[in-house]
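> got a predicted model here, sequence first, then my questions.
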Amino acid sequence: MAVSNSKTTDKKKAPTSKKAAEAPYTSEASVVVDNTEFVKSDESVDNIVRLKLMALYSLQVIDTQVDKIRIIRGELPLEVQDLEDEIAGLSTRLENNTAEITELNRAVTEYNEEIARSREMIKKYEQQQKNVRNNREYESLSKEIEFQGLEIQLREKKLREASVAIDAKNKLIDDVKAQLEAKESNLRDKNAELSEIIAETEKEEQMLMVKSEKAKAIIEDRYLTAYTRIRKSVRNGLAVVKIERNACGGCFSKIPPQRQLEIRMHKKILVCEYCGRIIVDETIADTIETSN
Ligand SMILES: [Zn+2]
């Protein structure tokens, strides 16, 4: 992302950028901004500074457009990533529940085998009861039969519980499968949208980058350095701002009337006393914004 998230405060940067950006320009034949040529009509400082401010503001407008594109493009992959994470989570849930059903089915087989074994034992004891020599032996076998009967009841209870659990898990699996299908379809759409946007914005970005380079070419190095430094140090990427409702368009600090007058005179390039951003007046901003 082009927008800087530097922790440096705007205020901290003010003195250095002020120093770098305040001196007026002395010579410049012509300034080309966004294919519009502003030919210098006289040698006055006013005109030279005005053209420089226009170039700087023009560069800012172009770079802001690039920033916006990169922000849009930066957010889409995040949406795709979120969706992929959700799908991974659902897949894990599906796997876990399927494994739990397998385990429950294994237990069901085991309970059925145990019940069959108990029934066989009961049959065996009942046979033995027919050949007992005394009451004590008969009673003892009756106790064994009773015990196996209870064992069967316990296993049957467990079988019913397993059956309920399996039904619930199957329902849950159906639900998770439906969610997965919806998310996967959503992901396919998002990926298609993302590739389309990337293709579109890359083309637009390239065009803007060419314009940005063109604007940079006509700006004196020291101003360009100041511009780049301010842009990196502020959160919104704005190094050149206009006066908005008597305030700095970057940090919204009030600009005293005398300072505003100086800015409008175009005698030198002036910066915000609070945030260090280069300030242009409305006439310069309007000229650039209408030509863009
Ligand atoms: Zn400011």
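Alright, I've got the coordinates.
> which strand or helix spans Val176?
Element membership of Val176, judged by DSSP states H and E, is helix 135-217.
> what about the helix or strand following that helix, near the ion?
Counting by DSSP H and E, the next helix or strand C-terminal to helix 135-217 is helix 221-233. No. Contact of helix 221-233 with the ion (CB under 5 Å from the ion) is absent, the minimum separation being 10.1 Å. Every C-beta, even on glycine, is put in place using the N, C-alpha and C of the backbone.
> contacts for the helix or strand that comes right after helix 221-233, please.
Sequence-wise, the next helix or strand downstream of helix 221-233 (DSSP H and E) is strand 240-244. Residues from elsewhere that reach strand 240-244 (CB atoms under 8 Å, 6 or more residues apart in numbering): 53, 56-57, 59-60, 227, 248-250, 252, 255, 260, 263, 272, 277-282, 284-285.
> quick check: PyMOL command selecting the buried ones in those residues.
In PyMOL, this line selects whichever of these come out buried by 16 or more other CB atoms under 10 Å:
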select buried, resi 53+56+57+59+60+227+248+249+250+255+260+263+272+277+278+279+280+281+284+285
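> for Leu53, give its distance to Ile87.
From Leu53 across to Ile87, the span is 52 Å (CB to CB, to the nearest Å).
> still on that earlier bit, what about the helix holding Val176, average pLDDT?
For helix 135-217, the mean per-residue pLDDT is 95.
> over to stretch 98-109?
Mean pLDDT, stretch 98-109: 97.
> can you pull out the residues in contact with it?
Here stretch 98-109 makes contact (CB under 8 Å, 6+ apart) with Lys158, Leu159, Ala162, Ser163, Ala165, Ile166, Lys169, Asn170, Ile173.
> what about 6 Å?
Residues from elsewhere that reach stretch 98-109 (CB atoms under 6 Å, 6 or more residues apart in numbering): Ala162, Ala165, Ile166, Lys169.
> now rank those residues by neighbours and give me the top one.
Highest neighbour count within those, by other CB atoms under 10 Å: Ala162, with 19 neighbours.
> for it, give me its contacts.
Contacts for Ala162 (CB under 6 Å, 6+ apart) come out as Leu104, Ala107, Val108.
> which SSE is the second one in?
Element membership of Ala107 [criterion: DSSP H and E] is helix 45-129.
> show me how far that helix is from its chain's centre.
Distance of helix 45-129 from its chain centroid, counting by CA atoms, centre = their mean, to the nearest Å, is 15 Å.
> what's the answer for stretch 156-173, then?
With CA atoms, centre = their mean, you get 41 Å for stretch 156-173.
> pull out the buried positions in it.
Lys158, Ala162, Ile166, Lys169, Ile173.
> biggest separation within these, which pair?
Lys158 and Ile173 (21.9 Å; CB to CB).
> residues in contact with the residue in the stretch 101-250 of the chain that the ion sits nearest to?
The ion sits closest to Cys248 of the stretch 101-250 of the chain, with a gap of 3.0 Å, by CB to the ion. Going by CB under 6 Å, 6+ apart, Cys248 touches Cys272.
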